[in-house]
Every structure is written in C-alpha cells, then in structure tokens.
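Asker: Turn this into a model:
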Amino acid sequence: MFTIEKTSGIVIRLSGRLDASQADSARAVLDTITDSTVVDFKDLEYISSAGLGVLFATQKRLREAGKELTLTSMNAHIRDVFRYARFDVIFRIE
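Answerer: Below is the predicted model:
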C-alpha cells in the first residue's frame, strides 16, 4: 500500500511502497507542487525506478523554476537506491 499526503504547505509525506502501480498517484500530487518542498521518506519502505522517475521529473521541473525538492528521513535501503542511481547528486538529501 502507498500513501502520499501534504502535511503542510511545504512538506509531503510518503509511506508504504512507491512502485509502478502507484507512480500515477504520486505524480498527481507532485505535479501540483510549485515551490521548494520537503519530501519526508520516514514511512516509505520501498521505491522502484518508476517512483524515482516521478521524483526526478518533479525535481527537473522545479529546478527550471529555481526551486527544488529536499528529501528527508530516508531509511538505509532507500538511501542506497538513491546512491546507486546517482540521484544523491541530483537531490538534496538530509
């Protein structure tokens, strides 16, 4: 199961498993972001390449507008996925 929710104006919380079957629901929320935003990964257990693609597209769109995503509270496994994909150089990860 996957959920994505805006917890405030600049924080989005992900939980569960973000895979190809959930990429469209993540995209629907992330496409509404127009300012720099924090994405909280605390409760996210898994992310697939489709999930990475949604985040990458959002980051690219925001950077073109001078904004960015900041990713926080990743577990060790998801942090490794970002490192192996070299996304750790594309995103600010705290």
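
Asker: Tally up the residues packed near the closest residue to Ile90 other than its chain neighbours, please.
Answerer: The shortest distance from Ile90 to any non-neighbouring residue, by C-beta to C-beta, 6 or more residues apart in numbering, is to Gln59 (6.2 Å). Any C-beta I mention is one placed from the backbone N, CA and C, and that applies to glycine too. Using other C-beta atoms under 10 Å, Gln59 is surrounded by 20 other residues.

Asker: residues in contact with Gln59?
Answerer: If you count contacts by C-beta atoms under 8 Å, 6 or more residues apart in numbering, Gln59 has them with Glu68, Leu69, Ile90, Phe91.

Asker: Could you give the number of residues near the residue nearest to the last one when sequence neighbours are not counted?
Answerer: Closest residue to Phe91 in three dimensions, ignoring its sequence neighbours and counting by C-beta to C-beta, 6+ apart: Leu71, at 5.2 Å. Neighbouring residues of Leu71 were enumerated by other C-beta under 10 Å; the total is 24.

Asker: Next up, the contacts around Leu71.
Answerer: Taking C-beta under 8 Å, 6+ apart, we find Leu71 in contact with Val38, Val39, Phe41, Leu55, Phe82, Phe91, Arg92, Ile93, Glu94.

Asker: now these: which count as buried?
Answerer: Taking 16 or more other C-beta atoms under 10 Å as the criterion, what is buried in the contacts of Leu71 is Val38, Val39, Phe41, Leu55, Phe82, Phe91, Ile93.

Asker: Which pair in these has the greatest spatial separation?
Answerer: By the measure C-beta to C-beta, Val38 and Phe82 form the most distant pair in those, at 15.5 Å.

Asker: For Val89, see how far away the spatially most central residue of the chain is.
Answerer: Closest residue to the average C-alpha location of the chain: Leu55 at 4.6 Å, with C-alpha atoms, centre = their mean. As judged by C-beta to C-beta, to the nearest Å, Leu55 and Val89 stand 14 Å apart.

Asker: All set now, cheers.
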